[in-house]
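>>> Curious how this folds, go ahead:
(chains A and B)
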There are 2 protein chains.
Amino acid sequence: MRVVGLGPGPARWLTPEAAEALDAATDLVGYGPYVDRVPARPGLTRHATDNRVEIDRARHALELASAGRSVAVVSGGDPGVFAMAAALFEAVEAGPAVWRALDIEVHPGISAMQAAAARLGAPLGHDFCAISLSDNLKPWELVLRRLTAAATGDFVIALYNPASKARPDRIFQAFDHLRTLKDPATPVAFARAVGRPDERIRIAALGSADPGLADMATLVMIGSSETRLIDRPGRDPWIYTPRQAGGAR
Amino acid sequence: MRVVGLGPGPARWLTPEAAEALDAATDLVGYGPYVDRVPARPGLTRHATDNRVEIDRARHALELASAGRSVAVVSGGDPGVFAMAAALFEAVEAGPAVWRALDIEVHPGISAMQAAAARLGAPLGHDFCAISLSDNLKPWELVLRRLTAAATGDFVIALYNPASKARPDRIFQAFDHLRTLKDPATPVAFARAVGRPDERIRIAALGSADPGLADMATLVMIGSSETRLIDRPGRDPWIYTPRQAGGAR
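From the prediction side, this is the model:
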């Protein structure tokens, strides 16, 4: 079976390997909107599920694969980054021994932070962290500990899952916390749905940014102390983080 | 001009967008081995340079673009992750004002940590950091500070540029440091040249791993406290980091 990264959305970011895996599958398993990205065709059964049941979805995919089906588990972005691959291996670990004998191939994809970075300039040009603000699978205290560590280490920070309908306030709490640790002039970007028709980019400074700009489709990028803006005529500035750091210039 | 990510090597990981950018270019600028990956064709001028002159290479590309050429700056992996995009924007910032009016598009690519993660299982399934051990552009003290922060925050750690001919000992020093901060049983993987003919994967525990397994083509992955192995018959174990953490299971 194959765990396939669809990338952020547009076909121009879908790797040939992922495209081939979708073509070869007899069964697609995934969250509805991702399954919907793959065109229907004869011989392809589509198993679309609700977003909240990742582990059940993983088990279902493993059962289909054990029964001899050619299964593609689809994921937005990179399945290895806050997506289906970890859920799948959780299911394997807890499941019957035969699942460990399956061929499971993970096909990487362009993740949201990469699409955002490409659009913004080069904010991930130097050491960075990726943190999910979702706290339905970890205590909020751990999120705060990681934000503290990311600020202490002066990493660029890419925040995934900054807000959800159930927890719209998490990104506000994260900004409140980071404002106690970082320079208010630190560049921040809200990169929403990059590469899709409803793409929207907003650039601000940490001290005055409105965290309410982040929704479920937004990747929030927060600079290190070295991250800077390059103004340009008539357009948003570029944001980049130099390769040099800590006075080594 | 376009800054193009070639991915880790194989064509199956080159995005259609990147392939199109290479097809449309009149001039390719990049480090020799990356330029060499793009087949010669009539109308394409290839400007291969030594690896040590990234900023000169960036300026050269900007001069060509200003003169009206269709320039593709090529980079292995993702140009936004420890690669050419940051060097390019450094050159723009320090260069003539006309460079700020250029159209500069960055095309993301699969980065080494993603290829390594896909091969290993799902080690990046939860919060992680990416750190370059190269210290020719930052003081070693900053690397140590970031390793400390990454351990304190209990991030999975992806180490880029773990060793070079000039500094073969950096990865040894990094491991010595991490061993004072993390459980010796922490899973570690040395993922060398993933996707290329000379690919080699080695899995170990932090306490007993040989850092000498890392060379310039190696991505070193170091687990969080939650990262675990799944044994399987006759093959390397899978490595994955569960989505749950900190007792939220």
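>>> For the residue nearest the centre of chain A, give me the pLDDT.
Nearest to the mean C-alpha position of chain A, by Cα atoms, centre = their mean, lies A:Ala112 at 4.7 Å. As predicted, A:Ala112 sits at a pLDDT of 98.
>>> Go ahead and confirm it touches A:Pro8.
Yes - at 5.8 Å, A:Ala112 and A:Pro8 qualify as touching, with contact defined as Cβ atoms under 8 Å. Yep, even glycine has a C-beta here, placed from its N, CA and C like the rest.
>>> between the two, what contacts are shared?
Common neighbours of A:Ala112 and A:Pro8 (criterion: Cβ atoms under 8 Å, 6 or more residues apart in numbering or on different chains): A:Gly76, A:Gly77, A:Val194.
>>> Columns secondary structure on top of those, output as a markdown table?
Output for the shared contacts of A:Ala112 and A:Pro8, formatted as a markdown table (DSSP: H, G, I helix; E, B strand; the rest coil):
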| residue | secondary structure |
| --- | --- |
| A:Gly76 | coil |
| A:Gly77 | strand |
| A:Val194 | coil |
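>>> so where's chain A uncertain?
A:51, A:247-249 (pLDDT under 70).
>>> Pull the residues that contact stretch A:20-38.
A:2, A:4, A:6, A:9, A:43-51, A:57, A:60-61, A:64, A:69-76, A:84, A:105, A:107, B:12.
>>> Which strands or helices does the strand or helix carrying A:Ala48 pack on?
A:Ala48 belongs to strand A:45-49 when assigned by DSSP states H and E. The contact analysis (3 or more Cβ pairs under 8 Å, 6 or more residues apart in numbering or on different chains; DSSP states H and E) places strand A:45-49 against strand A:27-31, helix A:32-35, helix A:54-66.
>>> looking at those, which is buried most?
The highest mean neighbour count among the helices and strands packed on strand A:45-49, using mean count of other Cβ atoms under 10 Å in any protein chain shown, belongs to strand A:27-31: a mean of 24.
>>> quick one, that strand and helix A:54-66 angle?
Counting by axes from the mean of the first three to the mean of the last three Cα atoms, to 10 degrees, strand A:27-31 lies at 170 degrees to helix A:54-66.
>>> Report the angle between strand A:27-31 and strand A:45-49.
If you take the same axes, to 10 degrees, strand A:27-31 sits at 20 degrees to strand A:45-49.
>>> Paired strands for strand A:27-31, with orientation please.
Sheet pairing for strand A:27-31, assigned by DSSP bridges, gives strand A:45-49 (parallel), strand A:71-75 (parallel).
>>> any idea which of the ones you listed is most buried?
Highest mean neighbour count among the strands paired with strand A:27-31 (mean count of other Cβ under 10 Å): strand A:71-75, a mean of 29.
>>> Report whether the helix or strand that that one is followed by contacts chain B.
Later in the chain than strand A:71-75, the nearest helix or strand by DSSP H and E is helix A:84-94. Yes - using Cβ under 8 Å from any Cβ of the partner chain, helix A:84-94 reaches chain B at A:Ala85, A:Ala86, A:Ala87, A:Leu88, A:Phe89, A:Glu90, A:Val92, A:Glu93.
>>> A:Phe175 should be in a strand, yeah?
No - checked against three-state DSSP, A:Phe175 lies outside a strand; its state is helix.
>>> do stretch A:170-183 and chain B meet?
No - counting by Cβ under 8 Å from any Cβ, chain B is not contacted by stretch A:170-183; separation bottoms out at 11.6 Å.
>>> can you pull the buried residues of that stretch?
Going by neighbour count (16 or more other Cβ atoms under 10 Å in any protein chain shown), the buried part of stretch A:170-183 is A:Arg170, A:Ile171, A:Gln173, A:Ala174, A:Phe175, A:Leu178, A:Lys182.
>>> Would you format the residues you listed as a markdown table with distance to A:Pro139 included?
Below are those laid out as a markdown table (distance: Cβ to Cβ, whole Å):
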| residue | distance to A:Pro139 |
| --- | --- |
| A:Arg170 | 12 |
| A:Ile171 | 17 |
| A:Gln173 | 13 |
| A:Ala174 | 14 |
| A:Phe175 | 19 |
| A:Leu178 | 18 |
| A:Lys182 | 23 |
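>>> A:Ile222: which of these is nearest?
Among the buried residues of stretch A:170-183, A:Leu178 lies closest to A:Ile222 (Cβ to Cβ), at 6.6 Å.
>>> The closest one should be in a strand, yeah?
No - counting by three-state DSSP, A:Leu178 falls outside a strand, being helix.
>>> Surely it and A:Gly207 touch.
No - contact criterion Cβ under 8 Å: A:Leu178 and A:Gly207 do not qualify, at 10.1 Å.
>>> what's the neighbour count on A:Asp50?
Around A:Asp50 there are 10 other residues, counting by other Cβ atoms under 10 Å in any protein chain shown.
>>> any idea how far it lies from chain B?
Remark: distance between A:Asp50 and chain B (Cβ to the nearest Cβ, to the nearest Å) = 16 Å.
>>> could you measure the residue nearest to A:Ala101 when sequence neighbours are not counted against A:Leu88, distance?
Excluding its sequence neighbours, the residue lying closest to A:Ala101 (Cβ to Cβ, 6 or more residues apart in numbering or on different chains) is B:Pro233, at 5.9 Å. According to Cβ to Cβ, to the nearest Å, B:Pro233 and A:Leu88 sit 18 Å apart.
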